[in-house]
Structures are given as C-alpha cells and as structure tokens.
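Trainee: Got a predicted structure plus its sequence, pasted below:
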Amino acid sequence: MPRKSQSNARLTEAARQLVTENRGLAYAVANRYARCWPEHRDDLEGAALLGLTRAALRYDPARGFKFSTYATIGVINGVRSWLREMRLADRPLRAMATATMEYDERRDSRAVCDARPWEDAEDAAALVDLAMAAVGPVGREILRCRADGVTFREIAQRLGCTPQAVQQRYDRAARVSRRVIERALAGRQE
C-alpha cells in the first residue's frame, strides 16, 4: 500500500500536464503496434498511456532532454511489456523486422503471376508490392510463410502467438491484399 500512495503523491500538476499534452505520442505508438494486433487496440492504447504516465513521473527536465524524447522510450517499453505479459509476442519486434527484411529481399510475385496472365513480370511484381505494402510486416510474413507451405502452428511458434491469432491475421491480410489487387485491376480496366 505505501507504494501506491507514494506514486499518487508524486503525480504532480506538472506530470499531469505532461501526460495531457503528450497523449498523441502514446496514441501514435499504440496505433503503430495495433497494425499487427488490431483486435487489441484499446489495450495497447492503455499500455501506452500507462508508459507515458510512468515517464512523466520519472522525467527530470534538468537533464536537458525534451519530454517527448524521453517519453517515447517509456511508451514503447509500456506497450512491449504489455505484449509480453499477454504472451502475444515473445519476440515481436525481431520477428517483424525479420519478416520485413525477408520480404524486401525476396519480392516474390509467383502467386499473382500464376493466378492471371500478365503482360510482363514487372507489372505483376508491382501489383504484389502494392498489395503487400497495404498488409503490414506481420501480415506479409504470414502470407509468405503460407505460400511456402508453413502451417499456422509453425508460424505461431515463430511469432510467439496462438495458431488462431495467426489464422485471424492471415484471413485479414488475405482480405486486404485481395481488395487492393481488385481495386488496382478495376482501375486498369477503365
């Protein structure tokens, strides 16, 4: 109990003002992570705001840093801590970074080329790039793995989440990429 009263006592008017003025920073970080876990957007925002509050409590303006610079690290750490606690991702950032780098290296356009006759491979590759850009890094990794024949369970082990969550993300990524491709094709036919 004493710790709780100490933290309430330390939440000064200056700290409250810092939190109020920098809520946009917390929401921006939460939205970045919500691209990978859209079903947990509210929880991510709560974790980001908690990280912002902790940063406001520990902030010392005498050190010469802007609060937003200092708070960004606290907000990111708050979100990452929540993700680890929920066991949504043991290694989310490393998995996301690896997925993005692997996709950038491969630029695999086989799925679209096999599905429709194209005039040239560059045209098909550009369409796949457009669809993959709309999906996000985790969605790209899941789509790439599924195209290579990897099961939902194996993908879940790589990403540190459940197979059901992988299947939901796969369905969403496939739906988004299909919509982007259909819109692009509709624009070409006009």
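Mentor: Cool, got the structure. Numbers count the residues shown, from 1 in each chain.
Trainee: Run through the neighbouring helices and strands of the host helix or strand of Cys145.
Mentor: Counting by DSSP states H and E, the element that carries Cys145 is helix 137-147. Helices and strands touching helix 137-147, by 3 or more C-beta pairs under 8 Å, 6 or more residues apart in numbering; DSSP states H and E, are helix 92-106, helix 121-135, helix 152-159, helix 163-189. Glycine gets a C-beta too; all of them are placed from N, C-alpha and C.
Trainee: what residue ranges in the chain score low on pLDDT?
Mentor: The chain contains residues with pLDDT under 70 at 1-10, 88-124, 188-190.
Trainee: Domain boundaries for it, per the record?
Mentor: Here the domain parsing of the chain from automatic domain parsing is 2-85, 92-189.
Trainee: okay if I get those domains as a markdown table plus mean neighbour count?
Mentor: Converted to a markdown table, the domains of the chain look like this (neighbours: other C-beta atoms under 10 Å):
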| stretch | mean neighbour count |
| --- | --- |
| domain 2-85 | 16 |
| domain 92-189 | 16 |
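Trainee: Relative to Gly139, how far out is the nearest residue to Gly136 once chain neighbours are set aside?
Mentor: Closest residue in space to Gly136, ignoring its immediate chain neighbours: Arg35 at 4.7 Å, by C-beta to C-beta, 6 or more residues apart in numbering. For Arg35, the distance to Gly139 (C-beta to C-beta, to the nearest Å) stands at 9 Å.
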